[in-house]
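Visitor: A structural model of the following input is requested.
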Amino acid sequence: MFKFIGSNGFLLVIVLLVFAFWLFRAVSNAGGRTSPEAALQIMNQLGDDNFILLDVRSLAEFNQRHLRGASVIPLNELAGRAENELPHKDKAIFIYCASGNRSAQAARTLKNLGYTRVYDTGGINGWPTNLQQ
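Guide: Numbers count the residues shown, from 1 in each chain. Presented below is the predicted three-dimensional model:
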């Protein structure tokens, strides 16, 4: 075994670096962005009444196109409206926006307000078009 390591040390270092990078990405993404595909799987497991799909774009953007079943609270109003409109802090909330910037900000805002099951799903374009209206 040591002979193998000695003659293939460079290859072993590369494999260990790739593994370390993969592990770092997995750990650093915990609580980070959730793909729409993963979100759909979780939503299906939870059932329709056990999650909120939240659009944090402007009302005008929402009216142009949004995901079926979504509620809208624009990012600039979220901190002031969350307590009243999202009273269950342990209910799963899946957030999206146009590109992923506002959804990330909204996820941080909700987590800071004590919401425990917040999923940032990025931009609407990442979602299947058959779910958009």
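
Visitor: List the beta-bridge partners for the residue most central in space within the chain.
Guide: When CA atoms, centre = their mean is applied to the chain, the residue found nearest the centroid is Asp120 (2.4 Å). Listed by DSSP bridges, the beta-bridge partners for Asp120 are Arg33, Ile95.

Visitor: wait, it sits on Ile95?
Guide: Yes. Applying CB atoms under 8 Å, one finds Asp120 in contact with Ile95, separated by 5.5 Å. Placement of C-beta: from N, CA and C, glycine included.

Visitor: what residues do those two have in common as contacts?
Guide: Ser103, Ala106, Ala107 (CB atoms under 8 Å, 6 or more residues apart in numbering).

Visitor: now that we have those residues, which one has the most neighbours?
Guide: Ser103 (28 neighbours; other CB atoms under 10 Å).

Visitor: And that one, how close does it get to Met43?
Guide: In this structure, Ser103 lies at 16 Å from Met43, with CB to CB, to the nearest Å as the measure.

Visitor: any idea how far the residue nearest to the centre of the chain is from Asn130?
Guide: For Asp120, the distance to Asn130 equals 22 Å [CB to CB].

Visitor: contacting residues around Arg81?
Guide: Counting by CB under 8 Å, 6+ apart, Arg81 makes contact with Ile73.
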